[in-house]
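**Student:** structure for the following, please:
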Amino acid sequence: SLWSIHLKTAVKQENCLTGVRFADFTVEAKMILDGTELGDLLALAEIPYRWGWELQSEWGEPSAPVAFNSVTDRYPVQAPTWVVIMQDFGEAIAPKIPAAPNYNSSLFVGAWDNYGAEQFLNYGRLSENLFMINWPICGNDYAEGVGRLIESEKAKAEFLQECRWYSQNFAHFIQNQLGRRYGLAEGVFPFAPTAFALHPYYRESRRLVGLTTVREQDILPVAGGKVASIYSDTIAIGNYANDHHYPGFNLPLQPKSIRWGGRWTGTPFTIPYRCLIPATTDNLLVCEKNISVSHIANGATRLQPVVMGIGQAAGMAAGMCVELGIQPRDLPVRALQEALLQDLTSPAAIVPLFNLDLLPNQPQWLDWQLYYLDNPEAYPPSGYFPGDYLHKYYDSDSDVFTGIFQRLNQQDYKFTIATPAAYQGQVWQLVTLRSHINHRLEAAVDGQLLTVRGRLNYSGNWLLVEEISN
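**Tutor:** All right, here's what the predicted structure looks like:
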């Protein structure tokens, strides 16, 4: 991604990408992957791509705009955020954070009003008294003139400078409001002794025109179900909510979030292999936010766990294509799927299932993945394969708590701790990532005494339950 700054030209022979020229050298390859943050190679190689919004008339997406408007004009893509790391200095006085140019405190007023300062800081809490500042509500999302990112190197540099200054000003505001206990961390990132990330988090890129395009309806739950339908050529999975960032504007979106395990999560969905393959260019696969996806659906496919899965699949596909001497469009997708599922180092799930107690190192895991690839019509709208596989496992760092269980609503549980004494009387939300614990919580009786093993998560005020003893 850092190399993409120095990309100069792409080497093509007709419809085949054969190499890339950097400032000081040229790379020629049998297969090339575009893993840049903004799809830089797509532009250099003149490979068809999309940038910005599509109207509802394009694919019938329910949340797409009917016509272009002031919001789509002002924000052609989602807002990037230049993450900054702050530190709790405790009794010491943190160095003063200077204001950057164009500081305007009114832009940040109300950032944590609905959460409180502690929960706001805990949202991005890290170890060693550090806090990741990546906050969308009157925070450090920045999108003024975001189209400059692809206009020219000069325009891009101007935007990036403003984006970084904006995060510095938000950190300055936080320190002014919450006190000199909080300051910029030191030496957090490699290559530069700074509290600022090496570049912004880009939420949207140039997006390939591929053999297929992931649309909003492809990531939404099926009628009466909690999962999206699966692509026959699925090579990665995701479950994030459809999350869009436009400063000062909330985009109305078709419901995709669901409650499971006592918390909000997103409808599980799949990523098809065909959205990694250019419609007209050979020797290239994409493997970042630059997949063939609509602007609306990108709000769910852009997340790091999804992109990591896409990258693994693209890398595997590229290697197989080189070995077989074929183009990505000719690679048998079932061979790729089986290679991902049976990878000796990192077997990758490609069919989402809520039965999370079944792990990749158990034979039944592979059996169920292959079963639904062979029988997609049998894929259950509930997201559960028949029966449960109980795998007893808990983190060695987890603790035992006793307390009173309270059911506030469906999939909404509170827990008043009785023991350990250090937490007596504290009220935490019970959540779990394990399907058999989810079933136990669904069946628990309001007011009953429970003994659970788990870990406290201060960011969400959650008690993450891994076992229930009674």
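**Student:** now Leu130: phi and psi?
**Tutor:** Backbone torsions of Leu130, given as degrees, to the nearest 10, read phi -110, psi 150.
**Student:** so it touches Phe189, yeah?
**Tutor:** No. The criterion here is CB atoms under 8 Å, and Leu130 misses it with Phe189 at 11.7 Å. Placement of C-beta: from N, CA and C, glycine included.
**Student:** need the overlap of contacts for the two.
**Tutor:** Counting by CB atoms under 8 Å, 6 or more residues apart in numbering, the contacts common to Leu130 and Phe189 are Ile85.
**Student:** any stretches of this protein with poor pLDDT?
**Tutor:** For the chain, the stretches with pLDDT under 70 are 1-5, 356-357, 387-396.
**Student:** do you know how far the residue nearest to the spatial centre of it is from Gln119?
**Tutor:** Centroid-nearest residue in the chain, with CA atoms, centre = their mean: Leu303, separated by 1.9 Å. Distance, Leu303 to Gln119, by CB to CB, to the nearest Å: 22 Å.
**Student:** try Arg440
**Tutor:** 28 Å.
**Student:** for the residue lying farthest from the centre of the chain, what are phi and psi?
**Tutor:** Relative to the centre of the chain, the most outlying C-alpha is that of Ala421, 37.3 Å out, by CA atoms, centre = their mean. Taking degrees, to the nearest 10, you get phi -60, psi -30 for the backbone angles of Ala421.
**Student:** kindly list the longest helix within this protein.
**Tutor:** helix 153-178 (DSSP state H).
**Student:** of all the residues in that one, which ones are buried?
**Tutor:** 159-160, 162-175, 178 (16 or more other CB atoms under 10 Å).
**Student:** just stretch 425-435 next, same as before
**Tutor:** Residues of stretch 425-435 classed as buried: Trp428, Gln429, Leu430, Val431, Thr432, Arg434, Ser435 (neighbour count, 16+ other CB under 10 Å).
**Student:** let me know the next secondary structure element after the helix or strand hosting the second one.
**Tutor:** When you say that, I think you mean Gln429. Secondary structure assigned from DSSP states H and E places Gln429 in strand 427-432. Using DSSP H and E, the next helix or strand after strand 427-432 towards the C-terminus is helix 435-443.
**Student:** what inclination does the helix or strand just after that next one have with respect to strand 427-432?
**Tutor:** Past helix 435-443, further along toward the C-terminus, the next helix or strand under DSSP H and E is strand 449-457. Calculated by axes from the mean of the first three to the mean of the last three CA atoms, to 10 degrees, strand 449-457 forms an angle of 90 degrees with strand 427-432.
**Student:** which residues touch strand 449-457?
**Tutor:** 394-395, 397-405, 415, 418, 423, 428, 430-432, 444, 462-470.
**Student:** change it to 6 Å
**Tutor:** Strand 449-457 has contacts (CB atoms under 6 Å, 6 or more residues apart in numbering) with 394, 398, 400-402, 405, 463-470.
**Student:** sorry, back to before: for the residue nearest to the centre of the chain, give its distance to Ala335.
**Tutor:** For Leu303 relative to Ala335 (CB to CB), the value is 27 Å.
**Student:** same check, this time on Gln56
**Tutor:** From Gln56 to Ala335 the distance is 38 Å (CB to CB).
**Student:** determine the longest strand present in the protein.
**Tutor:** In the chain, assigned by DSSP state E, the strand with the most residues is strand 399-409.
**Student:** list the buried residues for that strand?
**Tutor:** Here strand 399-409 shows Phe401, Gly403, Phe405, Gln406, Arg407 as buried, counting by 16+ other CB under 10 Å.
**Student:** how far away is the fourth one from Pro252?
**Tutor:** Read it as Gln406. Applying CB to CB to Gln406 and Pro252 gives a distance of 33 Å.
**Student:** and stretch 262-276, how far apart are its ends?
**Tutor:** One end of stretch 262-276 to the other measures 35 Å (CA to CA, to the nearest Å).
**Student:** quick one: distance of it to the chain centre.
**Tutor:** For stretch 262-276, the separation from the chain centroid amounts to 10 Å (computed by CA atoms, centre = their mean, to the nearest Å).
**Student:** contacts for that stretch, please.
**Tutor:** By CB under 6 Å, 6+ apart, stretch 262-276 touches 210-212, 214, 219, 221, 227-228, 230-231, 233-241, 256-258, 285-286, 291-292, 310, 314, 333, 352, 411, 413, 430-431, 441.
**Student:** quick check: PyMOL command selecting the buried ones in those residues.
**Tutor:** This is the PyMOL syntax for the buried subset of the contacts of stretch 262-276, where burial follows 16+ other CB under 10 Å:
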select buried, resi 210+211+212+214+219+221+227+228+230+231+233+234+235+236+237+238+239+240+241+256+257+258+285+286+291+292+310+314+333+352+411+413+430+431+441
